[in-house]
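In: Show me how the following folds:
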Amino acid sequence: MLLTGFDAPSLGVLYVDKPMKEHSLLQAIARVNRIAAGKDFGLIVDYWGLFGNLNSAMEMYSDDQSGLSGYDPADIADSIATAAEGQEKLKEAHKFLWDFFGDASFDQNNSRAWVAFFENEDPAESEKLRKAFYERLAAFSKMMTMAVGNYSLYQSVGFEQMQKYKADLLFFQKLRSALMMVYAEKVDFSKYEDGIRSLLNTFVTSEPVEIVVEPVAIHDKAAMDKQLEEVEGQKAKAAYIHTRIVSELESRRYEDPMLFKRFSERIRETIAEYRRSRDENVYLASMKQMAEDLRQGFTGHSYPTSISNDSDAKAFYGVVSDTLKQYGQDNLEFDDAVGKLALDMKQAVQSLARVDWRTSTPIHKKMNQAVEDLLWDFCDEFGMDLPIDKMDILIENAIKTAMSRY
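Out: All right, here's what the predicted structure looks like:
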């Protein structure tokens, strides 16, 4: 029996089939309470009914002479749970999950209605709803994992009730999968994903649990259309496309600032129009057209002739054009001058972008200064009074664009 000096943090289950008390009992229990990655709890299978001796063992080492009295007994009050306590916690976790949906009553075969529950005109509120649901589902999943691995807890709950719990777990796992596909999410369930998948495949008499595929890129039209067929409802399909457009734009925010700005504006306009009309067919058609335009790189913006074939200069033009036109002029001559400024910024950055320049503080300072000088010279030439905070933003974004391209 490996107890004295035995320390294996990954140990999760200990089978006790011998009488123990006092320090030996504490030492045995301590084998499974080590912290380890992916480990949420330790399980002790007690064949002798030893836990009746636990309180007396704890009291023995709670005096000042033992040197182990520096803890609050309340901190360990819930460290060991009986089957009855586990049954109640499982029941509470199950109720807490269902209570999330309040009085809403949906047919479990109507996945569209359940997904629609999470729709909100404010994307932040929709994300907040989903996060709260995922957390409640995680708590219930954790208790279910414990229940199927603990014979006394399983028996205490009862076979019929466990079957109901398992069916609900399967349903909510599928709902999570549907939400993740619509909103292109990657939720970190790494701590218990394998356990849940094994639980569902082993104990639920239904079709095997479906592994959530990685979200497809918006440029993979065939794969995206195939996934889109699995999404029910025009609004949900539009949301599916919307999340992928936003994901693509965020990845290219500084690589192609003009594309990011123009498509962000189109998204805001499309959503605003949908809120006015509530026409889901038009909303979906607009999102599909936007996705196609993004694939083709169509921004609807004409660049100055001097940079029409220079993608790097176009990127710097996208950084500064809107702000400079806001405080300067909005005509063809001024636009050509902004194009020339973008070329100068590109050349200044290129001349400093050497090997490992991204981690070089001196080069960063020189690059910042070069961009700032060009912007101030431009403002002086056109008599522009550009606020300092706007200048700082332009410089910061220009450097971010440089880092994404060089």
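In: going forward, measure contacts and count neighbours with C-alpha atoms only.
Out: Fine.
In: by contact count, what packs against the host helix or strand of Phe260?
Out: According to DSSP states H and E, Phe260 maps onto helix 257-277. Judged by 3 or more Cα pairs under 8 Å, 6 or more residues apart in numbering; DSSP states H and E, the packing partners of helix 257-277 are helix 234-251, helix 280-296, helix 311-327.
In: Could you pull out the buried residues of that helix?
Out: Within helix 257-277, the residues that count as buried by 16 or more other Cα atoms under 10 Å are 257-261, 263-264, 267, 270-271, 274.
In: From those residues, pick the one nearest Arg176.
Out: Compare each of the buried residues of helix 257-277 with Arg176 using Cα to Cα and the shortest gap goes to Ile271, at 24.6 Å.
In: quick one, what contacts the closest one?
Out: With contacts taken as Cα atoms under 8 Å, 6 or more residues apart in numbering, Ile271 has the following neighbours: Tyr283.
In: Now stretch 355-372 - C-alpha only, CSV.
Out: Once non-C-alpha atoms are left out, stretch 355-372 reads as follows in CSV (Å, rounded to 0.1, in the frame of the first residue of the first chain):
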residue,chain,number,x,y,z
VAL,A,355,14.8,41.0,-39.4
ASP,A,356,13.1,40.7,-35.9
TRP,A,357,12.1,44.4,-36.0
ARG,A,358,8.8,43.6,-34.2
THR,A,359,10.7,43.0,-31.0
SER,A,360,13.1,45.9,-31.3
THR,A,361,12.1,48.9,-29.2
PRO,A,362,14.6,51.3,-31.0
ILE,A,363,13.1,50.4,-34.4
HIS,A,364,9.6,50.9,-33.0
LYS,A,365,10.5,54.3,-31.8
LYS,A,366,12.1,55.3,-35.2
MET,A,367,9.0,53.9,-37.1
ASN,A,368,6.6,55.8,-34.8
GLN,A,369,8.6,59.0,-35.3
ALA,A,370,8.8,58.6,-39.1
VAL,A,371,5.0,58.1,-39.4
GLU,A,372,4.3,61.0,-37.0
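In: And that stretch, what's buried?
Out: Of the residues in stretch 355-372, 363-364, 367-368, 370-372 count as buried by neighbour count, 16+ other Cα under 10 Å.
In: Also stretch 222-241?
Out: Residues of stretch 222-241 classed as buried: 224, 227-228, 231-241 (neighbour count, 16+ other Cα under 10 Å).
In: Any chance of TSV for those residues, columns pLDDT and distance to Tyr303?
Out: As requested, the buried residues of stretch 222-241 are exported to TSV (pLDDT from 0 to 100; distance: Cα to Cα, whole Å):
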residue	pLDDT	distance to Tyr303
Met224	78	31
Gln227	78	36
Leu228	79	34
Val231	78	38
Glu232	78	40
Gly233	80	39
Gln234	84	35
Lys235	82	35
Ala236	82	35
Lys237	84	33
Ala238	85	30
Ala239	83	31
Tyr240	82	31
Ile241	84	28
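In: okay, the buried residues of helix 257-277 in JSON lines with pLDDT next?
Out: Listed next are the buried residues of helix 257-277 as JSON lines, based on pLDDT from 0 to 100:
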{"residue": "Pro257", "pLDDT": "82"}
{"residue": "Met258", "pLDDT": "80"}
{"residue": "Leu259", "pLDDT": "80"}
{"residue": "Phe260", "pLDDT": "84"}
{"residue": "Lys261", "pLDDT": "83"}
{"residue": "Phe263", "pLDDT": "84"}
{"residue": "Ser264", "pLDDT": "84"}
{"residue": "Ile267", "pLDDT": "85"}
{"residue": "Thr270", "pLDDT": "88"}
{"residue": "Ile271", "pLDDT": "86"}
{"residue": "Tyr274", "pLDDT": "85"}
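In: got any ranges where the stretch 151-300 of the chain has weak pLDDT?
Out: 184-218, 299-300 (pLDDT under 70).
In: mind giving me the domain ranges of the chain?
Out: 13-76, 83-203, 225-296, 310-405 (automatic domain parsing).
In: Can you say which of those is nearest to Pro304?
Out: Each of the domains of the chain has some distance to Pro304 by Cα to Cα; the shortest is domain 310-405, at 5.4 Å.
In: Centre of the chain to that closest one, how far?
Out: 33 Å (Cα atoms, centre = their mean, to the nearest Å).
In: And the helix or strand hosting Ile393, what does it pack against?
Out: Of the helices and strands defined by DSSP H and E, Ile393 is found in helix 388-405. With contacts defined as 3+ Cα pairs under 8 Å, 6+ apart, the secondary structure elements packing on helix 388-405 are helix 311-327, helix 361-381.
In: hang on, the earlier thing: quick one: which two of the buried residues of stretch 355-372 are the most distant?
Out: With distances taken as Cα to Cα, the most widely separated pair in the buried residues of stretch 355-372 is Ile363 and Glu372, at 14.0 Å.
In: circling back: Serialize the domains of the chain to JSON lines and add fields for distance to Pro304.
Out: Conversion of the domains of the chain to JSON lines gives the following (distance: least, Cα to Cα, whole Å):
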{"stretch": "domain 13-76", "distance to Pro304": "55"}
{"stretch": "domain 83-203", "distance to Pro304": "36"}
{"stretch": "domain 225-296", "distance to Pro304": "13"}
{"stretch": "domain 310-405", "distance to Pro304": "5"}
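In: Please identify which of those domains is closest to His219.
Out: Ranked by Cα to Cα, the member of these that lies closest to His219 is domain 225-296, at 5.6 Å.
In: got the helices and strands packed on helix 388-405 as a markdown table, with distance to Gln289 and mean pLDDT columns?
Out: Below are the helices and strands packed on helix 388-405 laid out as a markdown table (distance: least, Cα to Cα, whole Å; pLDDT from 0 to 100):
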| stretch | distance to Gln289 | mean pLDDT |
| --- | --- | --- |
| helix 311-327 | 23 | 87 |
| helix 361-381 | 37 | 89 |
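In: Dump the ones you listed to TSV, plus distance to Trp98.
Out: Shown next, in TSV, are these (distance: least, Cα to Cα, whole Å):
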stretch	distance to Trp98
helix 311-327	48
helix 361-381	53
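In: picking up where we left off before, which one among the buried residues of stretch 222-241 gets closest to Tyr151?
Out: Among the buried residues of stretch 222-241, Val231 lies closest to Tyr151 (Cα to Cα), at 39.6 Å.
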